[in-house]
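[1] just the structure for this:
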Amino acid sequence: MATAVTQEIVGQAETAPAAARPALDAERVRRDFPILHQQVHGKPLVYLDNAATSQKPLAVIDAERDFYLNDCANIHRGVHELSERATHKYEEVRHKVQHLLNARDLHEVVFLRGTTEALNLVANTFGREILKPGDEVVITAMEHHSNIVPWQILRDEQGIVLKVAPINDAGELIWDEYEKLLGPRTRLVSVAHVSNVLGTINPLKRIVQAAHAHDIAVLVDGAQAAPHIPVDVQDLDCDFYTFSSHKIFGPTGVGALYGKTRWLEALPPYQGGGDMIRSVSFEKTIYNALPYKFEAGTPNIGATIGLGAAIDYVTALGYENMARHEHDLLAYGTERLSEIPGLRIIGTAREKASVISFVLEGVHPHDIGTILDHEGVAIRTGHHCAEPLMHRFGVPATARASLAFYNTREEIDRLVAAVEKAKELLG
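    Numbering: from 1, shown residues only. As a prediction, the model looks like this:
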């Protein structure tokens, strides 16, 4: 049976004026994604695992291919034509990320392998330079392992204190409890913008304001937010923000970290090697200027150029259009799945992105995933790198359908039919 929050989500879509209904043409957009037009186990593919990784449009594939066909060379160090072209294309993407996040300065954008490395970079450098034994870091109960484990390592090695802000049964941050954790020894709040399991959109601006009132820095895991909602780091006023290319329809192996200038200048290098130095002798090394101080070694140049093409693609589609379409799918999917007896949706926050995690009475999520796969429906099952969150809701795992702008209501119907088949076979 639908919960009050479920009814609210569904009602928002049904009562929206016609002018506000989804205008994005998913069928036209789908032509840009060749991988979607295939069969799996003899059935047309329904790809609903976008929170794990999104599919890539031809524009991204072509941009990376073009680099390797025409411009492949190392960057920054060469004076020959190929190197100069590669460097120009690579640095052009930094401008695109700056614009995407509305960073104040270009040097506030650091390229890394993805969100996980960015979180580890901040944990390591902030830990070495700022944190002392007894200092506190605050996270929430809905964090991904990549925003838990680095802080546990610091706790075990340096004696910091890790505190966890609780959430309610809807999957929302309990505000009063969060505020109580902000004390005189708190140095950093590290929080997901959007939960990869629950879809909860955290009240990030309010979280930052409360932390800054105590002179506490804020690091944001934006891996699940950047593909779905516009991000303005100046308006949010967060100190660090990170996202991964492969979640935002770009290649794997690259991502970006935004950091306020004062923090990036204050923190030590994360790794040593080529390109992060100005000069080296056996007696002394002088580090490079921002952002290169944090970019040791040869980066994933081709994937970074692909990220630039992905940013161009989503910018052209428009976040408002994507969000409207995805919210319609979220409301429709929530309604349809809630009609299945014995199905329980995990995560019913009032502010939610396009993720539907669920459990089915008497059926293990892994079995659901296997049956769905044979119906051509790709979802994610397991703990989703969020085991503490599973414990919070008293389940070993969930099945998770995560949506993107190229999904359709017809695909939701295929999902529902496949779940009903799993229930019939195993429930």
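[2] switch to C-alpha atoms for all contacts and neighbour counts from now on
    Noted.
[3] wait, doesn't residue 137 sit right on residue 165?
    No - with contact defined as Cα atoms under 8 Å, residue 137 does not reach residue 165; the gap is 10.6 Å.
[4] show me which of the two is the more surrounded one.
    Neighbour tally, residue 137 and residue 165, criterion other Cα atoms under 10 Å: the higher count belongs to residue 137, 27 against 20.
[5] mean confidence (pLDDT) on the helix or strand hosting that one, please.
    For residue 137, the host element (DSSP states H and E) is strand 136-140. Per-residue pLDDT over strand 136-140 has a mean of 98.
[6] show me what it is packed against.
    Applying 3 or more Cα pairs under 8 Å, 6 or more residues apart in numbering; DSSP states H and E, one finds that strand 136-140 contacts strand 161-165, strand 186-192.
[7] domains for the protein, by residue range?
    Domain segmentation of the chain under automatic domain parsing yields 4-48+318-426, 60-315.
[8] can you tell which of these is closest to residue 54?
    domain 60-315 (5.2 Å; Cα to Cα).
[9] quick one: contacts for the closest residue to residue 105 other than its chain neighbours?
    Distances taken as Cα to Cα, 6 or more residues apart in numbering put residue 98 closest to residue 105, at 7.4 Å, once the chain neighbours are dropped. Contact analysis of residue 98 by Cα atoms under 8 Å, 6 or more residues apart in numbering lists 104, 105, 106, 108, 109.
[10] columns secondary structure on top of those residues, output as JSON lines?
    Conversion of the contacts of residue 98 to JSON lines gives the following (DSSP: H, G, I helix; E, B strand; the rest coil):
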{"residue": "104", "secondary structure": "coil"}
{"residue": "105", "secondary structure": "coil"}
{"residue": "106", "secondary structure": "helix"}
{"residue": "108", "secondary structure": "helix"}
{"residue": "109", "secondary structure": "strand"}
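[11] look up how far residue 341 lies from residue 423.
    For residue 423, the distance to residue 341 (Cα to Cα, to the nearest Å) stands at 9 Å.
[12] so which residues of the stretch 301-427 of the chain form helices?
    Chain-ordered helices for the stretch 301-427 of the chain, with DSSP state H, counting those that start in this stretch as the definition, fall at 301-317, 319-338, 365-374, 387-393, 409-426.
[13] reformat those as a markdown table; add distance to residue 125 and mean pLDDT.
    Converted to a markdown table, these look like this (distance: least, Cα to Cα, whole Å; pLDDT from 0 to 100):
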| stretch | distance to residue 125 | mean pLDDT |
| --- | --- | --- |
| helix 301-317 | 24 | 98 |
| helix 319-338 | 33 | 97 |
| helix 365-374 | 38 | 97 |
| helix 387-393 | 26 | 97 |
| helix 409-426 | 44 | 97 |
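[14] what is the neighbour count of residue 156?
    When neighbours are counted by other Cα under 10 Å, residue 156 comes out with 10.
[15] for residue 205, same thing?
    Around residue 205 there are 15 residues (other Cα under 10 Å).
[16] correct me if wrong: it contacts residue 239.
    No - if you go by Cα under 8 Å, residue 205 and residue 239 don't touch, sitting 11.7 Å apart.
[17] quick revisit: rebuild the helices of the stretch 301-427 of the chain as TSV, extending it with distance to residue 64.
    Output for the helices of the stretch 301-427 of the chain, formatted as TSV (distance: least, Cα to Cα, whole Å):
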stretch	distance to residue 64
helix 301-317	5
helix 319-338	24
helix 365-374	30
helix 387-393	35
helix 409-426	30
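[18] apart from its neighbours in sequence, what residue is nearest residue 147?
    Distances taken as Cα to Cα, 6+ apart place residue 119 nearest to residue 147, at 6.6 Å, with adjacent residues excluded.
[19] distance of that neighbour relative to residue 109?
    Counting by Cα to Cα, the gap from residue 119 to residue 109 is 14 Å.
[20] which of the two has more neighbours?
    The neighbour comparison of residue 119 against residue 109 (other Cα under 10 Å) goes to residue 109, with 27 against 24.
[21] contacting residues for that one?
    By Cα under 8 Å, 6+ apart, the contact set of residue 109 is 94, 97, 98, 103, 256, 257, 258, 259, 291.
[22] could you list everything it pairs with in the sheet?
    Note on residue 109: beta-bridge partners residue 258, judged by DSSP bridges.
[23] roughly how far does it sit from residue 47?
    Residue 109 sits 31 Å away from residue 47, going by Cα to Cα.
[24] endpoint to endpoint, stretch 23-37 covers what distance?
    22 Å.
[25] do me a favour and average the pLDDT over that stretch.
    Over the span of stretch 23-37, the pLDDT mean works out to 94.
[26] what residues of that stretch count as buried?
    For stretch 23-37, the neighbour count (16 or more other Cα atoms under 10 Å) marks 24, 26, 30, 33, 36 as buried.
[27] and for stretch 395-406?
    Buried residues in stretch 395-406, defined by neighbour count with 16+ other Cα under 10 Å: 397, 398, 399, 400, 401, 402, 403, 404, 405, 406.
[28] what lies in contact with it?
    Residues from elsewhere that reach stretch 395-406 (Cα under 8 Å, 6+ apart): 24, 26-27, 29-30, 48-51, 54, 197, 322-323, 325-326, 329-330, 346, 354-359, 364-366, 368-369, 379-384, 390.
[29] filter the residues you listed down to the buried ones, PyMOL style.
    This is the PyMOL syntax for the buried subset of the contacts of stretch 395-406, where burial follows 16+ other Cα under 10 Å:
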select buried, resi 24+26+30+48+49+50+51+54+197+322+323+325+326+329+330+346+354+355+356+357+358+359+364+365+368+369+379+380+381+382+383+384+390
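[30] show me the contacts for residue 196.
    Listed by Cα under 8 Å, 6+ apart, the contact set of residue 196 reads 51, 144, 224, 355, 384.
[31] ignore the last one, residue 245
    Going by Cα under 8 Å, 6+ apart, residue 245 touches 114, 251, 252, 253, 254, 255, 256, 307.
[32] now it, nearest residue through space, not along the chain?
    Distance criterion Cα to Cα, 6+ apart; nearest residue to residue 245, sequence neighbours excluded, is residue 255 at 5.0 Å.
[33] okay, now that neighbour: neighbour count?
    By the criterion of other Cα under 10 Å, residue 255 has 29 neighbours.
[34] next: residue 72.
    17.
[35] and it, how far is that from residue 56?
    Taken as Cα to Cα, the span from residue 72 to residue 56 is 21 Å.
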